[in-house]
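Peer 1: Fold the stuff below for me.
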Amino acid sequence: MPEHVLSPWFAIECEHRALGPWPPPDGPRRPLIARFLNFKDRDSILREAGCATNLCWNNNKILIFPDYTREVQARRRSFEQVKQKLRAMQLPYLFLFPARLKVIMADKTFFFDAPVVAWDWLTEEGVRSRMGPSAVGAPAGEGPRPRLVPRRGRRRTRSRRGEKKGANDPLGRDPDSEAGHRPGGTDAGVLDIHSPERTSAKDDLSQSPILG
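Peer 2: Here you go, the predicted model:
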């Protein structure tokens, strides 16, 4: 690890072996958990470890990962097939905490909270036309499926009492009777591309700026 990566006040508050049975002599060692005093040092080490192709010490390969809970690890593992497909398509990506996938394609940034949604996006016609034909399938693991978000019918008011419906329409059509605008109805095709916790697709996909 280059010395310029660490700050002058670099320090490790505590470190210990992960709890578990004693490994056999020819087996891998138990993970070592460390807590840094400064979070900037932690981020710098994780960044350098991710860029390093082969990190070794005394001819032993070393892997450095952030310490996440089992729930977060399970959510990140559910994107495994999506990550394999992104690597095959040579699309840059990264993970945001806790388990949000960020993909950069054609100078645009896209975010995904569910692996099935990311997989469907990768197999869309726009991506296939740019990157070539892709395999058809679905990623393993659990995840929320895309769902239609109901949109409430807009309540219309009339400026004059007793105004006839469709008076302003040259065809005399009733706006409340049009398909997709019935009070209490839904608009087919309003797709939520995120998990149930997020219902806005406009901010994160179509209008997402590139992060520096």
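Peer 1: Please identify the helix or strand for residue 13.
Peer 2: strand 12-17 (DSSP states H and E).
Peer 1: Kindly report the same for residue 111.
Peer 2: strand 108-112.
Peer 1: Residue 66 contacts residue 46, correct?
Peer 2: Yes: counting by Cβ atoms under 8 Å, residue 66 touches residue 46, with 6.1 Å between them. C-betas here are computed from N, CA, C, even on glycine.
Peer 1: Excluding sequence neighbours, find me the nearest residue to residue 86.
Peer 2: The spatially closest residue to residue 86, leaving aside those adjacent along the chain, is residue 93, at 5.0 Å (Cβ to Cβ, 6 or more residues apart in numbering).
Peer 1: pLDDT on stretch 40-58, on average?
Peer 2: Mean pLDDT, stretch 40-58: 81.
Peer 1: Could I have the CA atoms of it written out in CSV?
Peer 2: Output of stretch 40-58 as CSV, limited to C-alpha atoms (Å, rounded to 0.1, in the frame of the first residue of the first chain):
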residue,chain,number,x,y,z
LYS,A,40,-10.8,8.9,5.1
ASP,A,41,-8.0,6.4,5.7
ARG,A,42,-10.5,3.6,5.4
ASP,A,43,-11.9,4.9,2.1
SER,A,44,-8.4,5.5,0.7
ILE,A,45,-7.4,1.9,1.5
LEU,A,46,-10.6,0.5,0.1
ARG,A,47,-10.1,2.5,-3.1
GLU,A,48,-6.5,1.5,-3.5
ALA,A,49,-7.3,-2.2,-2.8
GLY,A,50,-10.0,-2.1,-5.5
CYS,A,51,-7.6,-0.7,-8.1
ALA,A,52,-4.8,-3.1,-7.2
THR,A,53,-4.6,-6.2,-9.4
ASN,A,54,-2.7,-8.4,-7.0
LEU,A,55,-2.2,-7.5,-3.4
CYS,A,56,0.1,-9.9,-1.6
TRP,A,57,2.1,-10.2,1.6
ASN,A,58,4.7,-12.9,2.2
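Peer 1: Provide the contact partners of that stretch at residue level.
Peer 2: For stretch 40-58, the external contacting residues (Cβ atoms under 8 Å, 6 or more residues apart in numbering) are 1-2, 5-7, 10, 36, 61-64, 66.
Peer 1: Just the helices from the protein, written as ranges.
Peer 2: In the chain, the helices defined using DSSP state H lie at 39-51, 70-77, 80-88, 115-122, 125-131.
Peer 1: just for this protein, where's the confidence low?
Peer 2: Low-confidence segments of the chain (pLDDT under 70): 1-4, 125-212.
Peer 1: can we see that at 90?
Peer 2: Scanning the chain with the threshold set as pLDDT under 90 gives 1-70, 73, 85-99, 104-109, 118-212.
Peer 1: Pretty sure the residue nearest to residue 86 sits against residue 104.
Peer 2: Yes: the criterion here is Cβ under 8 Å, and residue 93 meets it with residue 104 at 7.2 Å.
Peer 1: How about residue 102, nearest residue that isn't a chain neighbour?
Peer 2: In space, residue 102 is closest to residue 94, 5.3 Å off (Cβ to Cβ, 6+ apart).
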